[in-house]
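> Quick one: sequence plus predicted model below, questions after.
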Amino acid sequence: MQTLRERLKNIKVESNTLWGGIAIGFMLLLLLLTFIDTVDDPRRFSQVVAGGLYQGMLVFMVAAGLSIVFGLMDVLNLAQGSLLMIGAYVGWDILTRLSGSDDTNAFLLSVHVIAVAPLFVLLLLELTERLAISRFMQRDPDTPSPPSALGRQLTIAVLVGAPVGVLVGEFLASDFSATSDSMRIFFAVVVTGVAYLEVIREPILFALRWAVNEISMRFQRGLAMMMNQEPPTAHSVTYHEPERTFDLEMGIRLVAIGLSTIVIAAVLNGTDPITLRFGLAAVAATFAGAVAGTVMEVIFIRPTYVRPFFQIVLTFGLALVIREAIIFRYDTTPKGTLAEFLPTPLQGTFPPAELEGLFPNLETTIFNYWIFMIVMGALMMIGVQVLLMRTRIGIIIRAGVQDSEMVEALGVNVRLVFTAVFTLGGAIAALGGIISGGFINIDPILGDLFLLQAVSVVIIGGLGSYAGTALASILVGITRSVTAYFSRQQFNTDGWAPIAVLALLCIVLLIKPSGLFGREH
Amino acid sequence: MIEERLRRRNFIVQTIFDNWIYVLVVIFLWRFPYLVADWTDSVADPPRRAFGESAFWQSVMIEAFLLAILAMSYNLMLGFTGLISLGHASFFGIGVYSIAILMTQYGRSYESAILVALGIGVMVSLLWAVAAFRLKGVYFALFTLAFAEILFRMARLSVFRDLTGGDDGITRDVPDWINPIKNRLQLYNVTLVCFVFIFLLIRRLMNSPTGQVLIALRDNPTRAETLGFNIHLYKTASIVLSGTIGTLAGIIHITLNSQAEPRTLGLDRTVDPLIMTLIGGLGTNPGPVMGAGFLRIGEHFLRTPELAVDLNFLIYRYQTTINSENYWALALGVIFIIFVLAIPYGMVGSINKTWVEARRWMRRYLYNPLVRRFPRISVYVQPISGEPPAYAQALAQKLPPMALPQWLIAHPMGVINTVTLLIPVLVGLAMWDWRPAASWLLFFILLSIPFRLGLLLLNIPELIYLVAVVLAGGATVLLSDGSDMNQAVAVVIGIVAAVILLIGSIPVHRFLRSMAQTTLGRLWVTSGS
């Protein structure tokens, strides 16, 4: 007969589950408190929840890179918040530059789309490769895939993407004059021709080889008969068996290219130029963040791997330098939000006026942009998760987190993986920057603001744990928005919100320094 | 033994002889207001209100002293104990705000408020110490960062407007005897005494067994614990001392500025001592002081609204003025990063390290009889650990030191750097006109670039080095706006740059050195010595 105490002792709860449960319970408690306080005003409650979620997602975008980088190489990159700031400023710069006259618009858009469309096509190619081709094609495991596949794809993508870009630019200019019509037709012909030639190249070659062989065999036979000799058999004739090299995969890819080209062209053609411009700015900002992250790793972090003591100090200094460089380039004056550049559907509130009849009880003033941010953040969470779990580099990263030296001994260039992780972290943070720019004032303290929250998230979630980071970012977002709500009610200020997050950080540090899901150091 | 003791000089005299450079510096700082008053025809201690050049320089120096105190306190934690603190501003701000709040809200006198403020500083640092029991390395750094940020945001909250004044802060005058407006020289002297006292305190501490344990904590905490030291106790001691000194810096700050703002709790107040400590030299006694002095005085000269740029010698009639207010923080950050990457031990640390290495090298090669007899063996000589054998020492004592020309051959880069930088400095000193000297400087730097590029093939840090040289040259050129004071500072910067380059070039070129050594040996052999 066990006493209750013994029975409780015997229940073995995984540490992760326990702490995750505590975190979720804390979050639910906060929400419950808010719910009780706002029971007669569901509008307020939904605002608090949505606000918490979107703040959490934004913080997640900075924290994701921070967490992976720390897990892989024990670098706490205190300049990660500055990468977000770089993204926001680059986005703002491009958006304000692009909002010139219509001609500039059309020109710049077409130029930018030339750079963007190939990326989309490449992405689609990779997706078809992973989802369709590799699943249904039985590949001989000993035969490696052709080495030039990627280069070929890239070439084709650029060949297809560039004219598509110009076409889109033409469409966007909404100038259907004779010149642009003929240009469009010209490009369409070029695109189709290239794609067509690429598809039928192998069958044509096959037919040619077959014909040459046939002719040569008949010729040899005829020659023998003329000379009264025995007609040669198939073995004695020089007969070249034509290689059946028709590349089915290539064909499928090309069909995918064609379809995606059509889809992209159709989508972009129907899209509002404002939306497209925002998308372009987002891509450019992401690119800038990726470049900044790479440069940071290669030039500054790399020399200090042997001196970890200086590393944290160095990243601290880098944050300062990036802030000052941005002040140097863009001045200290706040640039305001990107609200005026947002695509029209993102500018309204939810639910829209037409649907209000459907939900008579649901009177919310949730901005559509909040929903957009939440969806983007969730996509990013899933995307990084898929990257970590389903791809080769993800496997390497996870193995590197476990045991970096072993991975290196297995022949993986871990240095390169480090750089790749920095690039990825920079890209995500910068994307977070332009997305947050739609709602948050762009000014030089943006970096510090997000850095502190992201650091809180990473510590609370456990350094190096991706799931912990994802959970903790939502926890921090909810804590922030609930505190802001109560603080506004009680003290007429929302200054307590960041303090609550930092206090939460301090408490977690003192109770469980390794965080909710972290490894014990 | 007794005779030995008798032969020694008086203890005080001996101390002064051992620390003659510090004594000279202190005497200089004590007479500094009067010296400036003499140079600029102003009064060091005006009767009613502080005004004039001397009073201005006094306030600059007071700020330099308080920054040096803050940097020394920072260095005690980061450099000596190995605790990374990213929230040192909290001590500084606590000093500032405690005095202001106690004087305005509770009607305390200034003197009693100081005691209470120091007490609060001790309490807060005890809290940090409790955190340090559990947290190590990065985690402790993040705790301190969050702690300082919480205080910063609390100070800005409108809820506590009655107490802290919110964003506006509190203004409160200090009593007359130390008031910077009425009696600035007095404040200068008091700050100087505080500064010297704290310098001696930390120096004494680090020379004591306790200090050695702190250094052990930094270098190998596990080993220190295994040896039986109570590491928590020592960490607590270090944090409490550091926090109290940081609070003292805050107290001096509000005495000088008589205003408590949220800015004093902000991130910049942490970054400042961090940069100063790293530039001066992490884990050295004079390092943070030098860093603080250089940065505060450099800021005074470089952060002027208009700075003349005269590149006439390089580009025909290129002369312009730039607004350097915007560049200062950026330049500071870049200098900081260059130091972290290329000169991680700072100015003082590099000099110490190089001196140690140079001595070891001299023992290994120059005074090694084996090498002197068979020069080519120098390539195969293994690093000597510990003292050379007695017979080698005895032989080495009999041999004369190396002659200058041979020494110069052994240090090719040192010669190049010296020529590059010292000649222009000497020219500037001789002509007392910095413009031709600056052009000489730039000319020589350009001239030495091919040599440096050659060395680039051997090791990469030289590139960063090159950047440092060009920056130093650029800074000296920027300073040439014609006034005497600026010229003097330019000369000092030039000399410092030359010394750093001279020193820095010795340890990095092992390859060239051994080659030169071989050549040197051949010369000796062929000359038949």
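The structure has been received and is ready for your questions.

> I'd assumed residue A:517 was in contact with residue A:16.
Yes: under the criterion of C-beta atoms under 8 Å, residue A:16 makes contact with residue A:517 at 5.2 Å. Just so you know, the C-beta spots here come from the backbone N, C-alpha and C atoms, and that holds for glycine as well.

> what about those two, which has more around it?
Set residue A:16 next to residue A:517 and count neighbours by other C-beta atoms under 10 Å in any protein chain shown: residue A:517 wins out with 24 against 15.

> shouldn't that one be in contact with residue A:467?
Yes: counting by C-beta under 8 Å, residue A:517 does reach residue A:467; the two are 5.9 Å apart.

> Now the common contact residues for the two.
residue A:461 (C-beta atoms under 8 Å, 6 or more residues apart in numbering or on different chains).

> Which residues of chain B lie near chain A?
Proximity of chain B to chain A, by C-beta under 8 Å from any C-beta of the partner chain, involves residues B:82, B:84, B:86, B:131, B:134-136, B:138-139, B:141-143, B:145-147, B:149-150, B:153-154, B:156-159, B:267, B:271, B:274-275, B:278, B:326-327, B:329-330, B:333-334, B:336-337, B:340-341, B:344.

> From those residues, which land in helices?
B:131, B:134, B:138-139, B:141-143, B:145-147, B:149-150, B:153-154, B:156, B:271, B:274-275, B:278, B:326-327, B:329-330, B:333-334, B:336-337, B:340-341 (DSSP state H).

> give the contact list for residue A:435.
For residue A:435, counting by C-beta under 8 Å, 6+ apart, the contacting residues are A:58, A:61, A:282, A:372-373, A:376.

> and with 10 Å instead?
Contacts of residue A:435 were listed using C-beta atoms under 10 Å, 6 or more residues apart in numbering or on different chains, and they are A:54, A:57-58, A:61, A:84, A:87-88, A:91, A:278, A:282, A:285, A:338, A:369, A:372-373, A:376-377, A:380.

> Show me which of the ones in helices among the residues of chain B next to chain A are buried.
Those of those that meet the buried threshold are B:131, B:138-139, B:141-143, B:145-147, B:149-150, B:153-154, B:156, B:271, B:274-275, B:278, B:327, B:329-330, B:333-334, B:336-337, B:340-341, by 16 or more other C-beta atoms under 10 Å in any protein chain shown.

> Show me where the chain dips below the pLDDT cut-off.
In the absence of a named chain, chain A is used. Low-confidence segments of chain A (pLDDT under 70): A:1-2, A:4, A:7-15, A:99-206, A:230-273, A:350-365, A:519-521.

> nope, chain B please
The model of chain B has pLDDT under 70 over residues B:1-9, B:303-326, B:358, B:361-421, B:423-424, B:427-529.

> care to break it down by domain?
Here the domain assignment for chain B is B:8-277, B:410-526, based on automatic domain parsing.

> Buried deepest among those domains, which one?
Comparing the domains of chain B by mean neighbour count (mean count of other C-beta atoms under 10 Å in any protein chain shown), domain B:8-277 comes out on top with a mean of 19.

> Establish whether the helix or strand harbouring residue A:474 and chain B are in contact.
Assigned by DSSP states H and E, residue A:474 belongs to helix A:466-491. Yes: contact of helix A:466-491 with chain B (C-beta under 10 Å from any C-beta of the partner chain) involves A:487, A:490-491.

> which of the residues you listed has the most neighbours?
Using other C-beta under 10 Å as the neighbour criterion, residue A:487 leads the residues of helix A:466-491 next to chain B with 19 neighbours.

> can you pull the contacts of it?
Contacts here follow C-beta under 10 Å, 6+ apart; on that basis residue A:487 touches A:493-497, A:499-500, B:157, B:159.

> just the strands in the stretch 251-400 of chain A please.
Secondary structure of the stretch 251-400 of chain A (DSSP state E, counting those that start in this stretch): strands at A:349-350, A:366-367.

> would you turn the contacts of residue A:487 into CSV with distance to residue B:225 and secondary structure?
Listed next are these as CSV, based on distance: C-beta to C-beta, whole Å; DSSP: H, G, I helix; E, B strand; the rest coil:
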residue, distance to residue B:225, secondary structure
A:493, 46, coil
A:494, 45, coil
A:495, 42, coil
A:496, 40, helix
A:497, 40, helix
A:499, 35, helix
A:500, 36, helix
B:157, 41, coil
B:159, 44, helix
